[in-house]
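S.K.: The amino acid sequence is not available; the structure is as follows:
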(Lines give C-alpha, C1' and ligand atoms only; values in the text may rest on other atoms or scores of the structure.)
Protein backbone atom coordinates (compact mmCIF):
# COMPACT_ATOMS: atom_id res chain seq x y z
CA UNK A 1 0.00 0.00 0.00
CA UNK A 2 2.87 2.39 0.74
CA UNK A 3 4.38 1.86 -2.70
CA UNK A 4 0.95 2.36 -4.25
CA UNK A 5 0.46 5.65 -2.40
CA UNK A 6 3.94 6.87 -3.37
CA UNK A 7 2.99 6.54 -7.05
CA UNK A 8 -0.24 8.51 -6.70
CA UNK A 9 -0.88 12.22 -6.99
CA UNK A 10 -0.94 14.30 -3.83
CA UNK A 11 -4.70 14.53 -3.50
CA UNK A 12 -5.33 10.83 -4.01
CA UNK A 13 -2.95 10.03 -1.17
CA UNK A 14 -5.39 11.64 1.24
CA UNK A 15 -8.49 10.02 -0.26
CA UNK A 16 -7.26 6.45 -0.79
CA UNK A 17 -7.44 5.29 2.87
CA UNK A 18 -11.05 6.46 3.09
CA UNK A 19 -11.93 4.58 -0.09
CA UNK A 20 -10.24 1.44 1.24
CA UNK A 21 -12.16 1.75 4.52
CA UNK A 22 -15.47 2.13 2.69
CA UNK A 23 -14.72 -0.92 0.52
CA UNK A 24 -13.84 -2.90 3.66
CA UNK A 25 -17.12 -1.97 5.36
CA UNK A 26 -19.08 -2.95 2.25
CA UNK A 27 -17.25 -6.29 2.15
CA UNK A 28 -17.98 -6.93 5.83
CA UNK A 29 -21.63 -6.08 5.27
CA UNK A 30 -21.88 -8.49 2.33
CA UNK A 31 -20.33 -11.24 4.47
CA UNK A 32 -22.87 -10.54 7.21
CA UNK A 33 -20.32 -9.50 9.84
CA UNK A 34 -21.87 -6.04 10.33
CA UNK A 35 -25.34 -4.75 9.64
CA UNK A 36 -26.48 -1.83 7.48
CA UNK A 37 -26.94 0.49 10.47
CA UNK A 38 -23.31 0.04 11.49
CA UNK A 39 -22.18 0.70 7.92
CA UNK A 40 -24.27 3.87 7.90
CA UNK A 41 -22.79 5.12 11.19
CA UNK A 42 -19.22 4.31 10.10
CA UNK A 43 -19.62 5.87 6.66
CA UNK A 44 -21.14 9.03 8.14
CA UNK A 45 -18.15 9.38 10.47
CA UNK A 46 -15.66 8.72 7.68
CA UNK A 47 -17.32 11.24 5.38
CA UNK A 48 -17.24 13.82 8.17
CA UNK A 49 -13.53 13.23 8.82
CA UNK A 50 -12.79 13.38 5.08
CA UNK A 51 -14.71 16.65 4.75
CA UNK A 52 -12.77 18.21 7.62
CA UNK A 53 -9.47 17.09 6.13
CA UNK A 54 -10.52 18.48 2.75
CA UNK A 55 -11.26 21.84 4.41
CA UNK A 56 -7.81 21.83 6.02
CA UNK A 57 -6.21 20.91 2.71
CA UNK A 58 -8.05 23.72 0.90
CA UNK A 59 -7.04 26.32 3.49
CA UNK A 60 -3.43 25.15 3.33
CA UNK A 61 -3.22 25.94 -0.39
CA UNK A 62 -4.69 29.47 -0.19
CA UNK A 63 -1.93 32.08 -0.08
CA UNK A 64 -2.28 34.99 2.32
CA UNK A 65 -2.36 38.13 0.14
CA UNK A 66 -0.84 40.56 2.62
CA UNK A 67 1.29 40.12 5.65
CA UNK A 68 0.29 41.74 8.92
CA UNK A 69 2.89 44.52 8.59
CA UNK A 70 1.76 45.44 5.06
CA UNK A 71 -1.88 45.46 6.11
CA UNK A 72 -1.12 47.66 9.13
CA UNK A 73 0.90 50.14 7.08
CA UNK A 74 -1.80 50.34 4.43
CA UNK A 75 -4.50 50.88 7.07
CA UNK A 76 -2.60 53.69 8.80
CA UNK A 77 -1.88 55.46 5.51
CA UNK A 78 -5.49 55.11 4.39
CA UNK A 79 -6.64 56.56 7.73
CA UNK A 80 -4.24 59.51 7.33
CA UNK A 81 -5.61 60.23 3.84
CA UNK A 82 -9.15 60.21 5.22
CA UNK A 83 -8.13 62.61 8.00
CA UNK A 84 -6.43 64.90 5.48
CA UNK A 85 -9.51 65.01 3.25
CA UNK A 86 -11.77 65.64 6.26
CA UNK A 87 -9.52 68.48 7.47
CA UNK A 88 -9.52 70.13 4.04
CA UNK A 89 -13.30 69.84 3.76
CA UNK A 90 -13.72 71.24 7.27
CA UNK A 91 -11.34 74.12 6.48
CA UNK A 92 -13.28 74.96 3.32
CA UNK A 93 -16.50 75.38 5.31
CA UNK A 94 -14.95 77.79 7.85
CA UNK A 95 -15.03 81.53 7.35
CA UNK A 96 -11.82 83.45 8.03
CA UNK A 97 -10.50 86.92 7.34
CA UNK A 98 -8.86 87.44 3.95
CA UNK A 99 -5.08 87.59 4.07
CA UNK A 100 -4.90 85.78 7.37
CA UNK A 101 -4.40 82.05 7.61
CA UNK A 102 -6.50 80.20 10.06
CA UNK A 103 -5.10 77.66 12.45
CA UNK A 104 -4.20 74.44 10.61
CA UNK A 105 -4.86 75.96 7.18
CA UNK A 106 -3.66 73.95 4.19
CA UNK A 107 -3.69 76.95 1.83
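M.R.: Structure's in. What do you need? Just so you know, these numbers come straight off a predicted model, no measurement behind them.
S.K.: Mind listing what's buried along the lowest-mean-pLDDT helix or strand in the chain?
M.R.: Lowest mean confidence among the helices and strands of the chain (mean pLDDT, DSSP states H and E): helix 2-7, at a mean of 72. Under the neighbour-count criterion of 16 or more other CB atoms under 10 Å, helix 2-7 has nothing buried. In short, each C-beta sits where N, CA and C put it, glycine included.
S.K.: next SSE after it?
M.R.: Scanning forward in sequence from helix 2-7 by DSSP states H and E, the next helix or strand is helix 10-31.
S.K.: Tell me how far residue 77 lies from residue 90.
M.R.: 20 Å (CB to CB, to the nearest Å).
S.K.: for residue 44, that is, sorry about that
M.R.: Distance from residue 44 to residue 90, by CB to CB: 62 Å.
S.K.: ok, back up a step: the least confident helix or strand of the chain packs against which elements?
M.R.: In terms of contacts (3 or more CB pairs under 8 Å, 6 or more residues apart in numbering; DSSP states H and E), helix 2-7 is packed against helix 10-31.
S.K.: Name the residues of the helix it packs on that are buried.
M.R.: Of all the residues in helix 10-31, those buried under the rule 16+ other CB under 10 Å are 21, 22, 25, 29.
S.K.: The second one contacts residue 43, correct?
M.R.: Yes - proximity of residue 22 to residue 43 meets the contact threshold set by CB atoms under 8 Å, at 6.3 Å.
S.K.: count of neighbours near residue 54?
M.R.: A total of 13 residues lie near residue 54 under the criterion other CB atoms under 10 Å.
S.K.: tell me which element it is part of?
M.R.: Assigned by DSSP H and E, residue 54 falls in helix 36-60.
S.K.: quick one: that helix to chain centroid distance?
M.R.: 20 Å (CA atoms, centre = their mean, to the nearest Å).
S.K.: again, but for stretch 3-16
M.R.: 25 Å.
S.K.: end-to-end on it?
M.R.: Taking CA to CA, to the nearest Å as the measure, stretch 3-16 stretches 13 Å from start to finish.
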